[in-house]
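**Student:** Here is my input, please return the structure:
(3 chains)
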Amino acid sequence: MLKENRNSLRVASFYPLVSATLKGISQVMLIENAVTGLIILIAIMISSVSIGIIALLSAFIATLIGRLGGVDKAIVNQGLLGYNSVLAGMALALNLEGGQRWLLALAGATIATLFTAAMMHLMQKSKIPVLTFPYIILTWFLLLAAYRLGMIQLSPNLIPQDLSHWKLHPEGTLNLFHGLVNGIGQVYFQDKIWSGILILIGVFWASWKFGLYAVIGTAVGWLTAYGFGAEVSLLNFGLYGYNAVLTILAVATVFEAKSRFAPFSGIIAAMISIPVTASVDTWLLPYGLPALTMPFVLCTWLFLAARKVIPRL
Amino acid sequence: MLKENRNSLRVASFYPLVSATLKGISQVMLIENAVTGLIILIAIMISSVSIGIIALLSAFIATLIGRLGGVDKAIVNQGLLGYNSVLAGMALALNLEGGQRWLLALAGATIATLFTAAMMHLMQKSKIPVLTFPYIILTWFLLLAAYRLGMIQLSPNLIPQDLSHWKLHPEGTLNLFHGLVNGIGQVYFQDKIWSGILILIGVFWASWKFGLYAVIGTAVGWLTAYGFGAEVSLLNFGLYGYNAVLTILAVATVFEAKSRFAPFSGIIAAMISIPVTASVDTWLLPYGLPALTMPFVLCTWLFLAARKVIPRL
Amino acid sequence: MLKENRNSLRVASFYPLVSATLKGISQVMLIENAVTGLIILIAIMISSVSIGIIALLSAFIATLIGRLGGVDKAIVNQGLLGYNSVLAGMALALNLEGGQRWLLALAGATIATLFTAAMMHLMQKSKIPVLTFPYIILTWFLLLAAYRLGMIQLSPNLIPQDLSHWKLHPEGTLNLFHGLVNGIGQVYFQDKIWSGILILIGVFWASWKFGLYAVIGTAVGWLTAYGFGAEVSLLNFGLYGYNAVLTILAVATVFEAKSRFAPFSGIIAAMISIPVTASVDTWLLPYGLPALTMPFVLCTWLFLAARKVIPRL
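**Tutor:** Have a look, this model is predicted:
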């Protein structure tokens, strides 16, 4: 009986750890749901098992730091300390080369946890959520460090370009279905159809409302980007969509969406995320960096802060 | 009688709308005065009727959003929600090409209103005014988006340049009078003499003190820029002056200028705005963007925040 | 007797002025100790008397502004208004050319004092220290202004480069001793051995603990940079070390280092400062600007803010 008790104690302390870790994965989508986290983890593993392991370990590191570091348990258990680590670990593993990238990815995930805590403190007074800001800045910084440190090897896909020699190449064949599904999958860097669909299933599992908004978000993003004359390759890869998906979720339903105009504001915010994505891409062109979820962060901050002054937004 | 009553009610609700809109135009100069706003609107229309209409519509959109959105009436009626929209609308209409630019300008004015509200919330605790920061960031972002979106056409005047190939061309013939008048006109993107003079008249209409400071500001700006060896073409177009004009107004008289050294601080701040203008121009060179009023914002924030710690500033 | 009294009064008001000025020099190292400030001043003068005079005058200007401006005496007397001015004055004198650079350096020191006061106000609520942020931004701004203003002449060492043409040159002969000593000396822009040693003596004078941490910091910085494959020339010049030294001092002992893990956190923070240094160098490459102490500021802010949420850090 004593043994059983100890076992149940071990389970009791183990279960919240697993739950917080899986919620860290689902919180990337602004969802607190361990099952959704698990479904999404499987969706990632379909494309690449190693990237899935990095995502899981990154979320686990964040949970562990939260526990050992004495962070407010509610924050840790909701997975709010982990989602930036998940994204940082994945982004670094995907954008670096060489064997040491796995170590760098986990180191990045660790720093992302500290950075998330730091931003939580700095933004506390403003009552605006941190979102994925820490992961973005951290990833940009670590990727750029590669240019001065021989041990960090950058993926050859990241090419710095001179804006004065830049030419837009909008030609190509549109693939609407791929574009729409990838717009959801790209939230987790996925451009395989089945991964995207599985992620969407995970979102619907958490809430019908969330799933619907995700679908509306990717559609609004695609249409707006198409209307603005965006590059076809980016449309097909869903690279305009994922920021629109995250933005509509945040503005229309997750954060203080009390006004009856909130769904409408969410659609407008998702539309605005398109030129903002184009702009962030241009800012980063000389550095060869990807926009990541910065457009989502900027558009969501814009609407959430504006809502404090314009209540009917 | 009933009909008359209804009419007067309609007028009663219409008048503050017009007043707030015109004050939105005058607030670009840190002035709350509907007549000044009207005079300045005429000054803009002398150069271009369509740009004047954009300025008016932009201010009107901001007022409308403020009303319908439930913003604190005092803020809306003072025109404090509108001046960023006025500038964003004008800047976009002037720096974009093609028929759709009018629509983009008004869309930009709308987002500028939200951005102004957002910054008001974020800066509330610091007790430092938002100034024209939202309009600047918004305009830079929308102009850069043009490089990735075929539908947005950039004016060919905006040329990204490599700093490593940059050479200073300070030669040219100085025109002191043009430079001084344009230094005031450029607050509203005007480089026609009569527009500049009319804007100055509008400022004097609001207050003799403001008019005098505007004149001192453009003179201090011109002299400092000349002394630092600035490019003659920029001096003649007043492109160093307008930031000095706005800075001296803000620091010497508008914001918490209680110290008897405030006029002196205003002059120093106006002088500092010159190297800051040169610097912002350099930062933006690789992106081909104009400095807009960022030097004014930075110098004014510097002095207003420093004043909280150095009371005799 | 009356005369004697007056003299002693004069001395009484003169001594705190000198003390605050010298403490302004020592505060660059996060130390409040006038003797340490004097030793460091001598260390600077060994390399260059004129740079030493600039450092002294810059600290003096800051103290004077603090006194005449009515700043809280505790802040002024601890030298907290002065260290940014010391660094700004020195950095501008070292990175500009021509006779007018002395004047520009002192003007820069003056603005640095205002900027420090401004940042103190803006960061007050966050309870995070300003560190050397004002000096860094100011120096970057003034150096870039040189590209548009003929009167400001930039040192030819500052060369803007295109990241797309950048190649890493890690070859060279390591000199461990030089690298370690310079890692301390570079806090004050010194790369002469005797200057570095004298600065270290000054630090040990203030506190054994500080001296030890400075030695550990430069060692940790060197080893981490070497492990990451940093450029040998930068290692020898101590250009990775000084940010690690400052970071370990700040995180391990100076600011709210109450947790027993603080020394360990300090070492981790010093290690993180290495990729951050590499990254800031890359960001600034197109502008040809030096990283200065930005990596220290970013890493220290990261840890101090994270500590508010993760108490056992």
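**Student:** contacts, neighbours, all on C-alpha from now
**Tutor:** Will do.
**Student:** tell me the phi and psi of A:Leu154?
**Tutor:** When read as degrees, to the nearest 10, the backbone of A:Leu154 gives phi -80, psi 150.
**Student:** That one is in contact with A:Leu94, isn't it?
**Tutor:** No: the criterion here is C-alpha atoms under 8 Å, and A:Leu154 misses it with A:Leu94 at 9.7 Å.
**Student:** The two: which is more packed in?
**Tutor:** Neighbours per residue, other C-alpha atoms under 10 Å in any protein chain shown: of A:Leu154 and A:Leu94, the larger number sits with A:Leu154, 22 against 16.
**Student:** Contact partners for A:Tyr188?
**Tutor:** Counting by C-alpha atoms under 8 Å, 6 or more residues apart in numbering or on different chains, A:Tyr188 makes contact with A:44, A:87.
**Student:** Actually, A:Thr293.
**Tutor:** A:132-133, A:136, A:242-243.
**Student:** do you know how far it is from chain C?
**Tutor:** Counting by C-alpha to the nearest C-alpha, to the nearest Å, the separation of A:Thr293 from chain C is 20 Å.
**Student:** the strands in the stretch 1-150 of chain A, which residues?
**Tutor:** Under the criterion DSSP state E, counting those that start in this stretch, the stretch 1-150 of chain A contains strands at A:96-97.
**Student:** Which residues of it lie near chain C?
**Tutor:** By C-alpha under 8 Å from any C-alpha of the partner chain, the residues of the stretch 1-150 of chain A that approach chain C are A:66, A:68-72, A:114-122, A:141-150.
**Student:** Neighbour count, pLDDT and distance to C:Leu198 added to the contacts of A:Thr293, as TSV?
**Tutor:** TSV is the format used below for the contacts of A:Thr293 (neighbours: other C-alpha atoms under 10 Å in any protein chain shown; pLDDT from 0 to 100; distance: C-alpha to C-alpha, whole Å):
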residue	neighbour count	pLDDT	distance to C:Leu198
A:Thr132	21	98	45
A:Phe133	20	98	42
A:Ile136	21	98	41
A:Tyr242	30	97	56
A:Asn243	33	98	54
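**Student:** Could you dump those residues into JSON lines with distance to A:Tyr213 added?
**Tutor:** JSON lines is the format used below for the contacts of A:Thr293 (distance: C-alpha to C-alpha, whole Å):
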{"residue": "A:Thr132", "distance to A:Tyr213": "19"}
{"residue": "A:Phe133", "distance to A:Tyr213": "22"}
{"residue": "A:Ile136", "distance to A:Tyr213": "24"}
{"residue": "A:Tyr242", "distance to A:Tyr213": "12"}
{"residue": "A:Asn243", "distance to A:Tyr213": "13"}
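**Student:** Taking the residues you listed, tell me the two that lie furthest apart.
**Tutor:** Maximum pairwise distance in the contacts of A:Thr293, criterion C-alpha to C-alpha, is 15.3 Å, between A:Phe133 and A:Tyr242.
**Student:** In contact with the residue in the stretch 51-200 of chain A that chain B sits nearest to, which residues?
**Tutor:** Proximity of the stretch 51-200 of chain A to chain B (C-alpha to the nearest C-alpha) peaks at A:Ser164, 5.1 Å away. If you count contacts by C-alpha under 8 Å, 6+ apart, A:Ser164 has them with B:159-162, B:286.
**Student:** Could you work out the most separated pair of the residues you listed?
**Tutor:** Largest separation among the contacts of A:Ser164 by C-alpha to C-alpha: B:Ile159 and B:Asp162, giving 9.9 Å.
**Student:** Does chain B have contacts with the helix or strand hosting A:Tyr242?
**Tutor:** Assigned by DSSP states H and E, A:Tyr242 falls within helix A:241-249. No: Helix A:241-249 stays clear of chain B (C-alpha under 8 Å from any C-alpha), getting no nearer than 14.7 Å.
**Student:** How about the helix or strand following that helix and chain B, any contact?
**Tutor:** Sequence order places helix A:262-284 as the next helix or strand after helix A:241-249, per DSSP H and E. Yes: contact of helix A:262-284 with chain B (C-alpha under 8 Å from any C-alpha) involves A:275-283.
**Student:** Against which helices or strands is helix A:262-284 packed?
**Tutor:** When contacts are defined as 3 or more C-alpha pairs under 8 Å, 6 or more residues apart in numbering or on different chains; DSSP states H and E, helix A:262-284 sits against helix A:208-227, helix A:241-249, helix A:294-309, helix B:133-145.
**Student:** Which stretch among those is buried most, on average?
**Tutor:** With neighbours taken as mean count of other C-alpha atoms under 10 Å in any protein chain shown, the helices and strands packed on helix A:262-284 reach their highest mean count in helix A:241-249, at a mean of 32.
**Student:** didn't A:Leu176 look like it was pressed against A:Asn236?
**Tutor:** Yes: applying C-alpha under 8 Å, one finds A:Leu176 in contact with A:Asn236, separated by 7.0 Å.
**Student:** And those two? Which one has more around it.
**Tutor:** A:Asn236 (24 against 15).
**Student:** Contacts only, for the more buried one.
**Tutor:** Applying C-alpha under 8 Å, 6+ apart to A:Asn236 gives the contacts A:174-176, A:178-180, A:182.
**Student:** By neighbours, which of these wins?
**Tutor:** Ranked by the number of neighbours (other C-alpha under 10 Å), the contacts of A:Asn236 place A:Asn182 first, at 30 neighbours.
**Student:** Skipping adjacent residues, who's closest to it in space?
**Tutor:** A:Gly238 (4.5 Å; C-alpha to C-alpha, 6 or more residues apart in numbering or on different chains).
**Student:** so what's that neighbour up against?
**Tutor:** A:178-186, A:191, A:222.
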